[in-house]
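**Q** Here is a sequence with its predicted model. Questions after.
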Amino acid sequence: MKKRVLSLLTLTFALTVALNSCTIDVNDGLGDGTVTTPGTTESVLSGSGTLSGTISKDLLIKKGNYTLKGIVKITGNATLTIEAGANFTVDTSTNSSLVVLQDGKINAVGTASEPIVFTTTTKTPGDWGGITLYGNAPIKAINGTATALSEDGNAVYYGGNDANSNSGTMKFIRVEYAGKKIGDGTSETNSMTFYAVGAGTTLENLVTYKGTDDGYEFFGGTVSAKNIVSYGNYDDSFDWQDAWSGQNNTNWYAFQTGVGNFGMEIEASSNVDNVAPKISNITLIRNTNTNPETANSPEISAIQFKKQGTGIFSNVYISGYKNIGNQKGYSVLIQDAATETSQVNTGKVVVSPLTYLNSDNAGVWGYAYTPNGAKTFTNTSTVTKVVLTAGAWATVDGVNLLAGLQ
């Protein structure tokens with residue numbers, strides 16, 4: 001086996017250079033840094049350098065410090081493998097993001113003590129476009145269409161027919177200061193975005209930190225996520241549409257501070273016939289003096305359902321959602337009568353058991369209209385906060401992002 005080790009100090013790695021492909025695997029799946037390369041030639045970014053352009057051949061990025069510049073796309077059946085302890089500082093002089101297209105794959109496995117981190121030197125929310133994955137799983141967009149055009153500026157059509165499609169593995173990854181506005185200013189990327197991503201993809205122990213749009217957004221697909229943290233994101237902590245239907249989600253934690261809209265914003269793009277996603281163990285905390293992006297906005301409730309949005313949520317702990325001015329904060333807000341009739345009243349919207357503390361309007365769901373059978377609830381003392389492993393993966397500049405769970 002011939003190895004090519006590139007020591008890059010100032011040289012930008014030219015990703016468009018023709019490279020012989022090989023398969024690169026983390027041999028035990030634990031992110032311990034042991035890498036096998038069974039091909040004849042490997043492409044390795046070793047210790048430092050700049051990641052840019054289009055990646056169309058397998059690439060291994062070893063532990064070290066790197067720059068990510070521009071919109072980096074993984075395509076051509078290539079796999080981008082990133083070792084634990086790789087840190088990327090994003091070049092904010094241009095529009096930058098990491099995009100895994102339908103024919104690409106990511107294998108980025110950090111550890112609790114050596115996460116994979118994407119950050120910026122200016123540390124300003126909205127500095128870059130975050131990480132976006134495209135898969136080939138089914139979606140239901142507006143009017144039930146099976147494909148739709150992405151709203152992230154990449155102009156990619158998404159939506160497929162493989163519910164188990166595999167876009168790769170992401171574990172112990174932290175994305176900071178993402179959620180960049182695009183073009184006309186009406187479109188944005190999120191810190192992490194998943195377009196039609198399939199259930200064969202692994203998403204575990206992820207952090208999104210102080211982005212200007214959503215922490216995580218799912219556009220259809222069937223992927224599930226475990227042990228994910230949304231901290232200080234300006235819009236919604238968790239958001240989905242296009243009938244996302246992940247069934248094996250657990251341990252979701254949001255801490256809203258400073259600026260923040262809904263803890264969770266849920267819709268199914270007005271499709272009545274959708275499969276409700278399932279999430280066990282949710283903790284949503286709104287810090288004191290957290291305000292919505294727009295003054296006098298009603299976007300201050302913990303969980304909003306609209307446009308036929310559904311979800312079966314169990315063991316939900318909510319704290320800190322209070323009225324602001326004339327706007328009321330609720331544990332659950334139903335935005336339209338159609339969602340109540342077709343989803344709430346048919347059992348496809350469930351938030352139970354629920355503990356709702358240090359918040360206003362306890363014991364009742366909120367409605368943006370006159371409801372047909374308003375929901376009530378009783379606080380369940382047995383529900384406790386999510387439990388997550390502490391470590392560097394959830395620490396920024398010495399601040400423990402999991403402190404709110406203690």
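**A** Ah, there it is.

**Q** Run through the stretch 51-200 of the chain and note the low-pLDDT ranges.
**A** 183-186 (pLDDT under 70).

**Q** Spatially central residue in this structure, please.
**A** Centroid-nearest residue in the chain: Tyr216, 2.8 Å away (criterion: CA atoms, centre = their mean).

**Q** I figured that residue hits Tyr231, correct?
**A** No: with contact defined as CB atoms under 8 Å, Tyr216 does not reach Tyr231; the gap is 11.6 Å. To be clear about C-beta, it is placed using only N, CA and C from the backbone, and glycine gets the same treatment.

**Q** Common neighbours of the two, please.
**A** Residues touching both Tyr216 and Tyr231 (CB atoms under 8 Å, 6 or more residues apart in numbering) are Thr208.

**Q** Can you tell me how far the residue nearest to the centre of the chain is from Lys105?
**A** To Lys105, Tyr216 is 20 Å away according to CB to CB, to the nearest Å.

**Q** which SS class is the residue lying closest to Pro115 once chain neighbours are set aside?
**A** Excluding its sequence neighbours, the residue lying closest to Pro115 (CB to CB, 6 or more residues apart in numbering) is Trp393, at 3.8 Å. For Trp393, the secondary-structure state derived from DSSP: H, G, I helix; E, B strand; the rest coil is helix.

**Q** need the contact list for Trp393.
**A** Trp393 touches Gly110, Thr111, Ala112, Ser113, Pro115, Phe172, Ile173, Arg174, Asn205, Val207, counting by CB under 8 Å, 6+ apart.

**Q** My guess is the second one contacts Ile173. True?
**A** No: taking CB under 8 Å as the contact criterion, Thr111 and Ile173 are not neighbours in contact, 10.8 Å apart.

**Q** Between the two, which is the more surrounded one?
**A** When Thr111 and Ile173 are compared for neighbours, Ile173 comes out ahead with 24 against 19, by other CB atoms under 10 Å.

**Q** residues in contact with that one?
**A** Ala108, Gly110, Pro115, Ile116, Val117, Phe118, Ile131, Asn205, Leu206, Val207, Trp393.

**Q** coming back round to it: could you measure from the residue nearest to Pro115 over to Leu402?
**A** Applying CB to CB to Trp393 and Leu402 gives a distance of 10 Å.

**Q** if I've got this straight, Ala108 is in a strand?
**A** Yes: judged by three-state DSSP, Ala108 forms part of a strand.

**Q** Surely it and Thr169 touch.
**A** Yes: look at Ala108 against Thr169 with CB under 8 Å: they come within range, at 7.0 Å.

**Q** For the two, work out which one has more neighbours and name it.
**A** With neighbours defined as other CB under 10 Å, Ala108 and Thr169 compare such that Ala108 has more, 24 against 19.

**Q** circling back to that earlier point, separate out the buried members of the contacts of Trp393.
**A** Among the contacts of Trp393, those classed as buried by 16 or more other CB atoms under 10 Å are Gly110, Thr111, Ala112, Pro115, Phe172, Ile173, Arg174, Asn205, Val207.

**Q** From Asn143, how far out is the first one?
**A** Using CB to CB, we find Gly110 at a distance of 40 Å from Asn143.

**Q** Equivalent analysis for Tyr231, please.
**A** 36 Å.

**Q** cool, Asn136 as well?
**A** In terms of CB to CB, Asn136 sits 21 Å off from Asn143.

**Q** Same check on Val351?
**A** 28 Å.

**Q** quick one: which of these two has more around it?
**A** Set Val351 next to Asn143 and count neighbours by other CB under 10 Å: Val351 wins out with 23 against 8.

**Q** Need the nearest residue in space to the more buried one, chain neighbours excluded.
**A** Phe313 (4.8 Å).

**Q** Same question for Thr380.
**A** In space, Thr380 comes closest to Pro353 once its chain neighbours are excluded; the distance is 3.7 Å by CB to CB, 6+ apart.

**Q** Name the surrounding residues that touch the strand or helix carrying Tyr356.
**A** Using DSSP states H and E, Tyr356 maps to strand 354-357. For strand 354-357, the external contacting residues (CB under 8 Å, 6+ apart) are 302, 316-319, 321, 331, 362-363, 377, 379-381, 383-384.

**Q** Low-confidence bits of the stretch 201-350 of the chain, can you list those?
**A** In the stretch 201-350 of the chain (pLDDT under 70), no residue qualifies.

**Q** What segments of it are strands?
**A** 202-209, 216-219, 225-231, 238-241, 249-256, 264-266, 278-286, 303-305, 311-319, 332-334, 349-351 (DSSP state E, counting those that start in this stretch).

**Q** These into JSON lines, with extra columns for distance to Leu149?
**A** As requested, these are exported to JSON lines (distance: least, CB to CB, whole Å):
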{"stretch": "strand 202-209", "distance to Leu149": "24"}
{"stretch": "strand 216-219", "distance to Leu149": "11"}
{"stretch": "strand 225-231", "distance to Leu149": "24"}
{"stretch": "strand 238-241", "distance to Leu149": "13"}
{"stretch": "strand 249-256", "distance to Leu149": "26"}
{"stretch": "strand 264-266", "distance to Leu149": "21"}
{"stretch": "strand 278-286", "distance to Leu149": "28"}
{"stretch": "strand 303-305", "distance to Leu149": "25"}
{"stretch": "strand 311-319", "distance to Leu149": "25"}
{"stretch": "strand 332-334", "distance to Leu149": "29"}
{"stretch": "strand 349-351", "distance to Leu149": "28"}
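
**Q** Can you tell me which of those strands is nearest to Thr370?
**A** strand 332-334 (11.3 Å; CB to CB).
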